[in-house]
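[1] Here is the input, now give the coordinates:
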Amino acid sequence: MLDEVRDIEPAQELAAATRLRRTHPALLVSAALAQARLRQRAVPKFGAEDAARMFFTPDGVEQATRSSVATHRAERFKALGVRSLADLCCGIGGDAIALARAGISVLAVDRSPLTCAVARANAEALGLAGLIELREADVTEVDTSAYDAVFVDPARRSSKRGRIFDPESYSPPLSWAVETALKAPRAALKIAPGIPHEAIPAEAGAEWISDGGDVKEAVLWFGTDAPSSHRATLLPGAASLWSSIDAMLPDPDVRPVGRYLYEPDGAVIRAHLVAEVAARVDGGLIDETIAYVTSDALHATPYATAYEITDQLPFGVKKLKALLRERGVGILTVKKRGSAVEPEELRRKVKPQGKQSATVFLTRVAGAPTMLIGHPAQTAQTAASD
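    Sure thing, here's the model as predicted:
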């Protein structure tokens with residue numbers, strides 16, 4: 001049935017359901033169509049090949065770790081010498097799959113019977129059942145002492161409250177997860193990227209991970225050689241910027257806007273490593289509260305996107321509209337940081353027309369609302385060869 005409904009588009013579902021119910025039970029048809037929709041939603045996270053073979057629940061698709069992030073974490077566990085791991089709050093098995101593919105034997109635990117059934121089906125569908133043991137249990141009652149490492153992914157959403165921001169309201173609470181991690185030879189705890197830095201235990205190294213420029217998650221690592229540290233990891237490619245907390249650079253000085261503007265990756269900003277990026281590009285901040293770095297020189301760095309700035313104007317829609325009309329700009333990218341103006345609202349007001357393209361930054365410069373106009377600078381590869 002799943003093979004039959006695999007390529008059915010949403011607009012075709014009603015006709016397909018009517019046709020299939022002539023020869024199949026209605027509940028089976030509905031289940032197959034729902035699973036086909038979930039598989040389509042899962043493609044960005046798991047890739048088309050895996051998503052077409054796996055099974056999902058609505059919450060499972062939403063909360064599962066992106067495969068690129070899970071693979072990065074599994075490879076790091078492997079590099080630490082981990083051969084067996086207890087995956088607590090395993091969900092539909094996204095992390096367990098990546099760990100097993102890295103050659104690690106996994107005990108995957110979840111208290112939901114349905115979730116465990118789905119995770120077990122996924123392990124079997126991907127040929128990994130020999131490395132993944134599923135156990136339906138309360139994770140707080142599982143003995144993990146026989147394993148080389150522990151990974152905990154607490155639930156950070158509630159059906160009633162939505163996204164949970166207080167780490168002690170996670171299920172299980174962060175304090176329990178930390179206590180469990182400290183008992184293990186190696187451990188990693190998945191947390192929300194916006195966790196207050198003061199909530200990070202001194203024994204942990206914190207890693208913020210972005211994929212394609214979007215911050216996906218943060219992880220607390222225990223039992224590594226880098227406690228009390230911050231790391232920003234950028235996928236794909238796994239570029240990693242690291243500093244111990246004691247050695248982190250002070251905030252850069254505020255400078256006038258130079259020829260180039262650097263937009264640090266979100267993981268860099270979350271990890272409070274903007275100063276390290278500024279040092280690499282010989283730059284400073286445009287405002288003490290804004291994470292934009294400016295420099296007169298173009299430097300190749302994977303940790304920030306460089307733009308060449310052509311104009312700096314006080315904020316004003318009429319001024320921007322006139323400049324864009326003069327330059328023939330019809331393709332306008334609007335970015336903002338430290339501004340209340342919404343990009344789509346500004347784009348509607350200026351009505352860009354023409355064949356040229358430009359990027360406008362709505363921000364503050366030395367405390368004043370400002371518009372910076374420019375375009376992406378030459379690529380890092382080109383800059384590196386200059």
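[2] how about the helices in the stretch 51-200 of the chain?
    All helices of the stretch 51-200 of the chain, identified by DSSP state H, counting those that start in this stretch, fall at 58-63, 67-79, 94-101, 113-125, 174-183.
[3] now the angle from the third one to helix 67-79?
    Using axes from the mean of the first three to the mean of the last three C-alpha atoms, to 10 degrees, the interaxial angle of helix 94-101 with respect to helix 67-79 works out to 50 degrees.
[4] quick one on the thing from earlier: and residue 325, which of the helices of the stretch 51-200 of the chain is closest to it?
    Proximity to residue 325 (C-beta to C-beta) singles out helix 67-79 among the helices of the stretch 51-200 of the chain, at 41.8 Å. For glycine as for every other residue, the C-beta is placed from the backbone atoms N, C-alpha and C.
[5] Buried deepest among the helices of the stretch 51-200 of the chain, which one?
    helix 94-101 (a mean of 26; mean count of other C-beta atoms under 10 Å).
[6] Could you export the helices of the stretch 51-200 of the chain to TSV, including columns for mean pLDDT?
    Shown next, in TSV, are those (pLDDT from 0 to 100):
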stretch	mean pLDDT
helix 58-63	90
helix 67-79	96
helix 94-101	98
helix 113-125	97
helix 174-183	93
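[7] how far away is residue 214 from residue 86?
    Distance, residue 214 to residue 86, by C-beta to C-beta, to the nearest Å: 29 Å.
[8] now residue 177
    12 Å.
[9] likewise residue 294?
    As judged by C-beta to C-beta, residue 294 and residue 86 stand 47 Å apart.
[10] Name the residue in residue 214 and residue 86 with the higher neighbour count.
    Ranked by neighbour count (other C-beta atoms under 10 Å), residue 214 and residue 86 place residue 86 first, with 26 against 12.
[11] Now do the strands in the stretch 151-300 of the chain.
    157-158, 162-163, 186-191, 205-211, 214-222, 229-235, 239-244, 260-264, 284-287, 290-295 (DSSP state E, counting those that start in this stretch).
[12] Residue ranges in the stretch 251-386 of the chain under the pLDDT threshold?
    379-386 (pLDDT under 70).
[13] change it to 90
    Filtered on pLDDT under 90, the stretch 251-386 of the chain yields the residue ranges 378-386.
[14] who touches stretch 305-320?
    Under the criterion C-beta atoms under 8 Å, 6 or more residues apart in numbering, residues 213, 257-263, 265, 281, 294, 298-299, 323, 339, 341, 346, 349-350, 359-362, 365, 368-377, 380, 383 lie in contact with stretch 305-320.
[15] and if we set it to 7 Å?
    With contacts defined as C-beta atoms under 7 Å, 6 or more residues apart in numbering, stretch 305-320 is touched by 257, 259-263, 298, 323, 349-350, 359-360, 368-377.
[16] from those, which would you call buried?
    Among the contacts of stretch 305-320, the ones that count as buried by 16 or more other C-beta atoms under 10 Å are 257, 260-263, 298, 323, 350, 359-360, 370-374, 377.
[17] dump the residue contacts of the residue nearest to residue 365 when sequence neighbours are not counted.
    Nearest non-adjacent residue to residue 365, counting by C-beta to C-beta, 6 or more residues apart in numbering: residue 286, 4.9 Å away. Going by C-beta under 7 Å, 6+ apart, residue 286 touches 257, 292, 294, 363, 365.
[18] Relative to residue 237, how far out is the closest residue to residue 244 other than its chain neighbours?
    Computed as C-beta to C-beta, 6+ apart, the closest residue to residue 244 that is not its neighbour in sequence is residue 229, at 4.7 Å. Residue 229 sits at a distance of 21 Å from residue 237 (criterion: C-beta to C-beta).
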